[in-house]
Each structure stands twice: as structure tokens, then as C-alpha cells.
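Trainee: sequence and predicted model, in that order:
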Amino acid sequence: MTKHKHLEKRALLRLSVFGIATVSFVVLSFIGLTANSQGAKDRYDTLIAVDQSGGDVEAALNDLRTYIYNHMNTQIGSDLGIRPPIQLSGTYSRLVDAETARVTKANDDVYAKAQAECETLYGAGSLRDARVPCVQEYIDNNTVKPTIIEDDFYKFDFVPPRWSTDLAGFSILFAGIFGLIFSIDLILYFRTRSMVRLGN
């Protein structure tokens, strides 16, 4: 075997190794990216289920937030979907219902108290025109107003990192490194082969 043939065989072996390594890491990166995306979706589904059932929303939300912040390709929703994509409608609805119930209960007997107060001031047989403004003023001054619950506090959008230290991140990194080495070796291989053929 000539020296050139031996070098060519080594170069082809090197190309094969780096080519296989590149393809392997590309496949691993797709597996990692898919796993990251599925992990975020599973946690999102858990959060929505917990939100609807009235469970520990804070723990589920923190789990989803931590996962998204530590893994690439974990964006929830899309630019064409609902913005922001994470909305705790169950928690928000329960708070609104609780506030409505609180206000209704507090205001249940305001009108009766207003009539009693104004009859005391003007007498039960006084003219209606004298009592109506009194009743209205009492109601205005003593009616409990509902507290506005801002729905923005129950809407979230977490942004994942562009690169993360997990299977997907390292696979993409190594696929890039081995792909670059493979490309350089391939160029050098064809260049050297061309020069050898020209020399012969």
C-alpha cells in the first residue's frame, strides 16, 4: 500500500467518525428538544388542571416557570395563539366570585337599614320626597364597593433560554463542533486528493 493510499484511508476513516458523530448528535438534539417541549407541555397541563380544581397553583406555576427557564425549546403557545399563553382563569374566576359574594353579603341589608335610619330621622309618616334622598344618601355612603381584581396578575408568559445545559443543548453544541470538523476535513480531503492526482 502506497503512502498516499494509507493517508487517504486514514482521512476517510476520520471523515466517517466525525460524520457519524455529527449525525448522532443531530439525532440526540432532536430527541432532547422534543423531550424539553413535551416536559413543558406536561407541566402546563398539570398547572391548568390544578388551577381548575383549586389546588396548589403556586407550586405548579413555580414548577413550570423553573422548567422553562432551565430548558430550551419550552415556549408555551405561539405568537398566533392567546397572549399571554398561561392564564389562570380558574383562580381568577374564584377570586371574582368570592369578592362578589363578599360584597353581596355586606350589602344585603343596607336598604333595610337605610329605611329604618330615615324613618327615625323623618318619621314613618313623613313625606316620601323627604325620605327618598335620605335613603339614597345612606345607600351611597354605606354600600360596600367591590375591589377590582386585575386579571393581569393571573396571566404569564415565560421565555426559555436560547441554549441550556441539558441533552438538547449539549447535543446541539457537539453537533456543531463535529459538523465543523467534518466540513473542514472534507474540504481538506478533496483538496489533497485533487493535488495528489494533479501530481501524478
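Mentor: On my side now, so go ahead.
Trainee: how far does the longest helix belonging to the chain sit from its chain's centre?
Mentor: With DSSP state H setting the assignment, residue counts place helix 3-53 as the longest helix in the chain. The chain centroid and the centroid of helix 3-53 are separated by 24 Å under C-alpha atoms, centre = their mean, to the nearest Å.
Trainee: then stretch 77-95?
Mentor: Between the centre of stretch 77-95 and the centre of its chain there are 10 Å (C-alpha atoms, centre = their mean).
Trainee: start to end distance for it?
Mentor: 25 Å (C-alpha to C-alpha, to the nearest Å).
Trainee: please pull up the helix or strand immediately following the host helix or strand of residue 116.
Mentor: Applying DSSP states H and E as the criterion places residue 116 in helix 110-122. For helix 110-122, the following helix or strand on the C-terminal side (DSSP H and E) is helix 128-142.
Trainee: contacts for the next helix or strand after the longest helix of the chain, please.
Mentor: As assigned by DSSP H and E, the chain's next helix or strand after helix 3-53 is helix 57-70. Residues from elsewhere that reach helix 57-70, judged by C-beta atoms under 8 Å, 6 or more residues apart in numbering: 39-40, 43-44, 46-47, 50-51, 74-76, 86, 88, 91, 156, 158-161, 164, 166. Every C-beta, even on glycine, is put in place using the N, C-alpha and C of the backbone.
Trainee: ok, stretch 7-27 next?
Mentor: 1, 171-172, 174-175, 178-179, 181-182, 185-186, 188-189, 192-193.
Trainee: so what are the domain limits for the protein?
Mentor: Domain assignment for the chain by automatic domain parsing gives 3-85+157-199, 101-151.
Trainee: one step back: could you pick out the buried ones from the contacts of helix 57-70?
Mentor: Buried residues within these, defined by neighbour count using 16 or more other C-beta atoms under 10 Å: 39-40, 43-44, 47, 50-51, 74-76, 86, 88, 91, 156, 158, 160, 164, 166.
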